[in-house]
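Chemist: Need coordinates for the below:
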Amino acid sequence: MITTQPTCHDINEPGLIPLDEALARILAAVPAAGGYERLSIEKARGRTLAEAVTAGFNVPAQTNSAVDGYAVHSSDLPAEGTRTLKIAGKAYAGEVFNGAIKPGQCLRIMTGAMMPEGLDTVIMQELVEARGDAIVIDSRHKSGQNVRQAGEDIRQGQTILHPGKWLTPPDIGLLASLGIPEVNVSRRLRIAIASTGDEIYSIGSPPGAAGLYDSNRYSLLAALDRPDIEVINLGIVEDKPEALRQAFEQAGRFADVIISSGGVSAGEADYTKTALQASGQIGFWKVAIKPGRPLAFGQIGNAVFFGLPGNPVAVLVTFYFVVLPALEKMLGMQDKPIAPVFPARTLEDLRKKPGRTEVQRGIIEQDRNGEWTVRSTGQQGSGMLSSMSRANAFIILEHERGNVKAGEWVSVKPFAGMF
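Modeler: Numbers count the residues shown, from 1 in each chain. Model (predicted):
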């Protein structure tokens, strides 16, 4: 019998660690990048807040009407039948009505107009009967209706946004409503990306007979195209130990993170791991995930290093399931929109070996009953980037799960909110 080496098909391969453990180790190891910059709120969307923001005044600043209608004393609301109230004036938004409204009188009022002292209820204009300079109201109304109280949204001195908040369009509007023109946000992460492999070519350079175009770098460029990241494109690095070592060491002097693709398997020409060993430290390099088993994690200089697989689907899977959570921690992100994982019923059999987390590409839909279903995009090879392009969700098959029969429930993670 011949002696063989472990392969990606071996579930009990030495050194292979579960995905959950790998991610926990990465998150425990990566540091917060530190530092912040001050930005106008027009440029702060998609950035992570680096300070607490407190309100300088109440919102609303004054008690005001929520509708167009008539402001009245609640004591004038009839318990039964109707009551006639004389119109004593008009109040418009942005103006102060200085007159006094006596019992038995009402005030014509517009949405957003300040409520005069003593008036505590507004009746919608559609629910009164107008009779010249008076209105008739009935008993359907309640004290305090249609009135926005001063400070009912935000109280003066209240902390409205906390450090670690990923700023969304509503957050920007909230800051503007308080007259806040600038905020401190975490500085952008500097991320250097590189592709390795003598068989790959940049777009515009005709590949040789055995070559192919580099898609990994462009996938990563698109995934990292966000306001809180600065990308340094290292291009294609020559697949030689010394060239890789020099490129990684240079990047480690100015980048927070280095992401390379390719060269992390156990082949004769897979030198990324070798370069990492020569220039930095390796945390681990094999994870029980398919696709994406050969995944190196470590440090070069001051930079966190991720050596992703060379297959294009594996690059995207490992980026979203392993790298992105680490980047978010480095940015100090603690409060962000949720990219949910939820159950869906599979419409077909799915092949799966226990002992690794498997991320397949699927298409989710709702059936006539509103139940979520999912079907595979077809062949799931890690080199088949079209399986990602056709998909709208990941199908996540847990570490110990085996083959899945049609009709069973599986976990799905929609691309919406991720990409």
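
Chemist: the strands in the stretch 251-400 of the chain, which residues?
Modeler: 257-261, 280-290, 294-300, 303-308, 342-346, 357-366, 372-376, 393-397 (DSSP state E, counting those that start in this stretch).

Chemist: Identify whichever of the ones you listed lies nearest to residue 206.
Modeler: Of all these, strand 257-261 sits nearest to residue 206, with 21.4 Å by C-beta to C-beta. All C-beta spots, glycine's among them, are computed from the backbone N, C-alpha and C.

Chemist: could you check the distance from the residue sitting nearest the centre point of the chain over to residue 254?
Modeler: The structure's the chain has its C-alpha centroid closest to residue 337; by C-alpha atoms, centre = their mean the separation is 4.6 Å. Per C-beta to C-beta, to the nearest Å, residue 337 is found 31 Å from residue 254.

Chemist: Please apply the same query to residue 383.
Modeler: Residue 383 is 32 Å from residue 254, by C-beta to C-beta.

Chemist: is it true that residue 221 lies in a helix?
Modeler: Yes - checked against DSSP: H, G, I helix; E, B strand; the rest coil, residue 221 lies within a helix.

Chemist: residue contacts, the nearest residue to it once chain neighbours are set aside?
Modeler: Closest residue in space to residue 221, ignoring its immediate chain neighbours: residue 231 at 6.3 Å, by C-beta to C-beta, 6 or more residues apart in numbering. Residues in contact with residue 231 (C-beta atoms under 8 Å, 6 or more residues apart in numbering) are 191, 192, 193, 221, 224, 225.

Chemist: sec struct for residue 231, please.
Modeler: strand.

Chemist: hey, where'd the helices end up in the chain?
Modeler: Along the chain, counting by DSSP state H, helices occupy 19-29, 169-177, 216-223, 241-254, 272-279, 312-318, 324-330, 386-390.

Chemist: Can you give the contact residues for the third one?
Modeler: In other words, helix 216-223. In contact with helix 216-223 (C-beta under 8 Å, 6+ apart) are residues 193-195, 203, 231, 233, 235-236, 259, 261-262, 308, 310, 312, 315-316, 319-320, 324, 385, 419.

Chemist: Now, of these, which are buried?
Modeler: 193-195, 231, 236, 259, 261-262, 308, 310, 312, 315-316, 319-320, 385 (16 or more other C-beta atoms under 10 Å).

Chemist: quick one: contacts for residue 314?
Modeler: Contacts of residue 314 (C-beta under 8 Å, 6+ apart): 291, 292, 308, 382.

Chemist: From what I see, the first one and residue 385 are in contact.
Modeler: No - using C-beta atoms under 8 Å, residue 291 makes no contact with residue 385, being 11.3 Å away.

Chemist: Mutual contacts of those two, please.
Modeler: Joint contacts of residue 291 and residue 385 (C-beta under 8 Å, 6+ apart) are residue 313.

Chemist: Report the beta-bridge partner residues of the residue nearest to residue 221.
Modeler: residue 191 (DSSP bridges).

Chemist: quick one: it from residue 27, how far?
Modeler: The separation that residue 231 has from residue 27, given C-beta to C-beta, amounts to 22 Å.

Chemist: And residue 342, by the same measure?
Modeler: With C-beta to C-beta as the criterion, residue 342 and residue 27 are 23 Å apart.

Chemist: and if you look at residue 191?
Modeler: 17 Å.

Chemist: Which one's more surrounded, these two?
Modeler: residue 191 (24 against 14; other C-beta atoms under 10 Å).

Chemist: wait, doesn't that one sit right on residue 233?
Modeler: No - in this structure, residue 191 is not within contact of residue 233 by C-beta under 8 Å, at 9.9 Å.

Chemist: Any chance of the helices of the chain in JSON lines with distance to residue 209 as columns?
Modeler: Below are the helices of the chain laid out as JSON lines (distance: least, C-beta to C-beta, whole Å):
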{"stretch": "helix 19-29", "distance to residue 209": "38"}
{"stretch": "helix 169-177", "distance to residue 209": "50"}
{"stretch": "helix 216-223", "distance to residue 209": "21"}
{"stretch": "helix 241-254", "distance to residue 209": "23"}
{"stretch": "helix 272-279", "distance to residue 209": "25"}
{"stretch": "helix 312-318", "distance to residue 209": "20"}
{"stretch": "helix 324-330", "distance to residue 209": "36"}
{"stretch": "helix 386-390", "distance to residue 209": "23"}
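
Chemist: From the contact counts, what lies against the least confident helix or strand in the chain by mean pLDDT?
Modeler: Every helix and strand in the chain was compared by mean pLDDT, DSSP states H and E; the lowest is helix 272-279, with a mean of 75. Secondary-structure packing of helix 272-279 (3 or more C-beta pairs under 8 Å, 6 or more residues apart in numbering; DSSP states H and E): helix 241-254, strand 280-290, strand 294-300, strand 303-308.

Chemist: now do 7 Å
Modeler: helix 241-254, strand 294-300, strand 303-308 (3 or more C-beta pairs under 7 Å, 6 or more residues apart in numbering; DSSP states H and E).

Chemist: chain center to the longest one, what's the gap?
Modeler: Put simply, helix 241-254 sits 31 Å off its chain's centre (C-alpha atoms, centre = their mean, to the nearest Å).

Chemist: what's the average pLDDT for that helix?
Modeler: For helix 241-254, mean pLDDT rounds to 91.

Chemist: cool, the second one as well?
Modeler: Strand 294-300 carries an average pLDDT of 90.

Chemist: And the shortest one, by the same measure?
Modeler: Confidence over strand 303-308 (mean pLDDT, whole number) is 94.

Chemist: What lies in contact with it?
Modeler: 30, 251-252, 255-261, 264, 272-273, 276, 280, 295-299, 315, 318-319, 323, 326 (C-beta atoms under 7 Å, 6 or more residues apart in numbering).

Chemist: for the longest one, same thing?
Modeler: Residues outside helix 241-254 that contact it (C-beta under 7 Å, 6+ apart) are 190, 192, 194, 196, 234, 237, 258, 271-272, 274-275, 278-280, 300-303.

Chemist: same thing with stretch 274-282?
Modeler: 241, 244-245, 248-249, 252, 296, 298-301, 305, 307.

Chemist: I figured residue 186 hits residue 36, correct?
Modeler: Yes - with contact defined as C-beta atoms under 7 Å, residue 186 reaches residue 36; the gap is 5.7 Å.

Chemist: Good, we can wrap up now.
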